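> task: produce atomic coordinates for the following.
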Amino acid sequence: MAKLFWQSLLAVPAALGAAVAVSGSAIAAEAATTQVSDFDQDSVQLAQITSVSELTDVLPSDWAFQALQSLVENYGCIQGYPDRTFRGQRSMTRFEFAAGLNSCLDVIATLIAQSGINPEDLATIRRLQEEFQAELATLRGRVDALEAETATLRAQQFSTTTKLAGQADFNIVTPIDIVTGEASTSVAARARLNFDSSFTGNDRLRIRLQSGNGNAINGLGGLANAGSSTSGTATSTDYNVGVDDFYYQFPVGSRFTVTASARGLQGDDWVTSTIVPFDGPSVADAGGPQFYDAGGSSSNGAGVGLSFALTDNIVLDAGYTAGGPGAFDPSIGIFAATSQSYIAQLSFLSDGFLDAGIAYLHNDQSANFQGGLPGGTDTFAGLLNLDFGGFFVAGHGAYSTFNGGNDFSWTAGVGFNNFLAEGAQLGVYGGQLPQLAGLANNPFIVEGYYEIPFNQFLTITPAVIYGDINTGLAGNDDTGLWGALRATFRF
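Numbering: from 1, shown residues only. This is a model prediction of the structure:
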């Protein structure tokens, strides 16, 4: 029995060494992220167990099962959590280490007091110390190195509350069928840095710096990740850095979220989901339903959004944006700004077959629509996504009324997830886009894209885009075909 005791006791430093090694790996992996743990020692009361079978998360197939079984059933110096778990795959705290070590030392003291130490056992201990001397020295070196690395990280950390993440998008577009104004290969690029801060663990303050240049295919809404700060516009920032997003989001209770924005949020920025899976992977901006942006307020305005989870699957979103200089002018104010828009959307979001939503938008920029007069625009829209597992069918329809007419836009398409590669998406969609000012008719577009994630840092998306840009007078043939390639870097 004494021999079994010393063998089991030998497993303790090995187990502790494994825990330290796991902890070291975790620290190295999260070196760029600051995490603060709050261990409430009064809330953790370890429970004494008499059999390893009482530990619900320890299986006979686990590599340390026999060592745990001996320490528990023969010596009673291992304790579990109140929920009868051992949690052997996680790092231990210094408090847990002290509690476990103290239990085993109590057993050693009792055994020595009862029967002393056998000379043969002492010889075995000496032999094992000599045999594992190099390993013990390595373990001490690892602990010293981790303490030094942790001290360095704490001294040089960027912030205890803020995470920094970056993204760069690079687009190359070339006309295959040359049309007026679209005769040469062009480049559009955008870079952004997100500063995300949390003060309670559930809130987020985001400040986004963005710069870019170039845009895209006139009349088809541009590229989804173009150089302009607002996708789909024909303007360019010429790589001038500016604040693109500035907002604070916080929960009120478990189902209510409030977002206060000083800049950057409008249209679909206020909703939990745009439902259609083309939004994001597609290269053309039309993949994200354009009714959200058509005639809406400028994204450089201020606003407020509310999100209420009625159930685990049903979400009601609402948002208000006051754009233009009036929002920041005390003589005008946000409720009399020259550009205002409202949105409300009810969404059903599941992990299965059906995602759907209905939306209502109002804005006072009806002149943005072809033939529209000053007044206001009301848009009613429906969105649908049917997920069949290996592929999905999705689309939307939007009807807008304004002073001087009405407009109808829609998209529909099909996509295949994990096509030929894990995480890849192949999609084809098409539809009729809103007839904005300067266009003779509603443009139409068809896009096929293939989003390929090479790793967590790089995604490549080739695409073919076909559509009628309608930049000329009614009756002109402005149908064109373009090839596009987008590279997205995340860091």
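> what helix or strand does residue 199 sit in?
Under the criterion DSSP states H and E, no helix or strand holds residue 199.
> show me what contacts it?
161, 205 (C-beta atoms under 8 Å, 6 or more residues apart in numbering). (C-beta placed from N, C-alpha, C; glycine too.)
> against residue 87, how distant is it?
Residue 199 is 29 Å from residue 87, where distance means C-beta to C-beta, to the nearest Å.
> residue ranges with poor pLDDT in the stretch 51-200 of the chain?
Scanning the stretch 51-200 of the chain with the threshold set as pLDDT under 70 gives 115-117, 178-182.
> quick one: the strands in it?
Along the stretch 51-200 of the chain, the stretches classed as strands by DSSP state E, counting those that start in this stretch are 79-80, 162-177, 186-197.
> nearest to residue 424, out of these?
Set against residue 424 and scored by C-beta to C-beta, those come closest in strand 162-177, at 18.0 Å.
> domain-wise, how is the chain divided?
2-156, 164-490 (automatic domain parsing).
> just name the most buried of these.
domain 164-490 (a mean of 19; mean count of other C-beta atoms under 10 Å).
> for this structure, what spans make up the helices?
Here the chain has its helices, by DSSP state H, at 2-29, 65-73, 94-115, 119-131, 133-156.
> give me the beta-bridge partners of the residue positioned nearest the centre of the chain?
Nearest to the mean C-alpha position of the chain, by C-alpha atoms, centre = their mean, lies residue 165 at 10.9 Å. Under DSSP bridges, the beta-bridge partners of residue 165 are residue 194.
> test my guess that it contacts residue 196.
Yes. Counting by C-beta atoms under 8 Å, residue 196 is a contact partner of residue 165 at 7.0 Å.
> contact partners for residue 205?
By C-beta under 8 Å, 6+ apart, the contact list for residue 205 reads 196-199, 247-249.
> columns distance to residue 75 on top of the residues you listed, output as CSV?
CSV is the format used below for the contacts of residue 205 (distance: C-beta to C-beta, whole Å):
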residue, distance to residue 75
196, 49
197, 49
198, 44
199, 47
247, 57
248, 55
249, 52
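> now, the most widely separated pair of those residues?
So, the contacts of residue 205 by C-beta to C-beta: farthest apart are 199 and 247, at 14.4 Å.
> ok, back up a step: now do the contacts for the residue nearest to the centre of the chain.
193-194, 196, 490-491.
> state the distance from it to residue 277.
23 Å.
> for residue 434, same thing?
Residue 434 is 21 Å from residue 277, by C-beta to C-beta.
> same check on residue 488?
17 Å.
> now do residue 376
For residue 376, the distance to residue 277 - C-beta to C-beta - is 31 Å.
> ok, now residue 118?
70 Å.
> what do you get for residue 311?
22 Å.
> ok, so of the contacts of residue 165, who is nearest residue 282?
Checking the contacts of residue 165 against residue 282 by C-beta to C-beta gives residue 490 as the nearest, at 17.8 Å.
> could you dump the strands of the stretch 51-200 of the chain into TSV with distance to residue 53 added?
As requested, those are exported to TSV (distance: least, C-beta to C-beta, whole Å):
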stretch	distance to residue 53
strand 79-80	11
strand 162-177	43
strand 186-197	45
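> among the ones you listed, which is nearest residue 139?
strand 79-80 (23.6 Å).
> and that closest one, how far out from the chain middle?
37 Å (C-alpha atoms, centre = their mean, to the nearest Å).
> same check on stretch 91-105?
For stretch 91-105, the distance to the chain centre is 37 Å (C-alpha atoms, centre = their mean).
> what does stretch 403-413 give?
For stretch 403-413, the separation from the chain centroid amounts to 32 Å (computed by C-alpha atoms, centre = their mean).
> likewise stretch 413-420?
21 Å.
> could you pull up the mean pLDDT of it?
Summarised as a single mean, pLDDT over stretch 413-420 is 95.
> stretch 461-481 too?
Stretch 461-481 comes out at a mean pLDDT of 73.
> how long is that stretch end to end?
Terminal residues of stretch 461-481 are spaced 17 Å apart (C-alpha to C-alpha, to the nearest Å).
> the stretch 201-350 of the chain: strands as residue ranges?
204-213, 242-252, 256-263, 302-309, 314-323, 339-348.
> using a markdown table, lay out those strands together with mean pLDDT.
Shown next, in a markdown table, are the strands of the stretch 201-350 of the chain (pLDDT from 0 to 100):
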| stretch | mean pLDDT |
| --- | --- |
| strand 204-213 | 93 |
| strand 242-252 | 94 |
| strand 256-263 | 95 |
| strand 302-309 | 95 |
| strand 314-323 | 93 |
| strand 339-348 | 92 |
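> turn these into CSV, including distance to residue 144.
What follows is the strands of the stretch 201-350 of the chain, written out as CSV (distance: least, C-beta to C-beta, whole Å):
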stretch, distance to residue 144
strand 204-213, 37
strand 242-252, 42
strand 256-263, 45
strand 302-309, 48
strand 314-323, 51
strand 339-348, 53
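> who wins for proximity to residue 293 among the ones you listed?
strand 339-348 (9.7 Å).
> can I get that closest one in CSV? Just the C-alpha atoms.
The C-alpha trace of strand 339-348 is given here as CSV (Å, rounded to 0.1, in the frame of the first residue of the first chain):
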residue,chain,number,x,y,z
SER,A,339,-32.0,64.3,-43.0
GLN,A,340,-33.9,62.0,-40.7
SER,A,341,-34.8,58.3,-41.0
TYR,A,342,-36.6,55.7,-38.9
ILE,A,343,-36.6,51.9,-39.1
ALA,A,344,-38.5,49.1,-37.3
GLN,A,345,-37.9,45.4,-38.0
LEU,A,346,-39.4,42.3,-36.6
SER,A,347,-37.3,39.2,-37.1
PHE,A,348,-37.7,35.5,-36.6
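> that one pairs with which strands, parallel or anti?
strand 314-323 (antiparallel), strand 354-363 (antiparallel).
> so which of those strands is nearest residue 347?
That would be strand 354-363 among these, by C-beta to C-beta, at 4.0 Å.
> what residues does the closest one touch?
With contacts defined as C-beta under 8 Å, 6+ apart, strand 354-363 is touched by 267, 271, 273, 275, 291-292, 295-297, 339-349, 376-387.
> let me see the mean pLDDT of that strand.
Strand 354-363 comes out at a mean pLDDT of 94.
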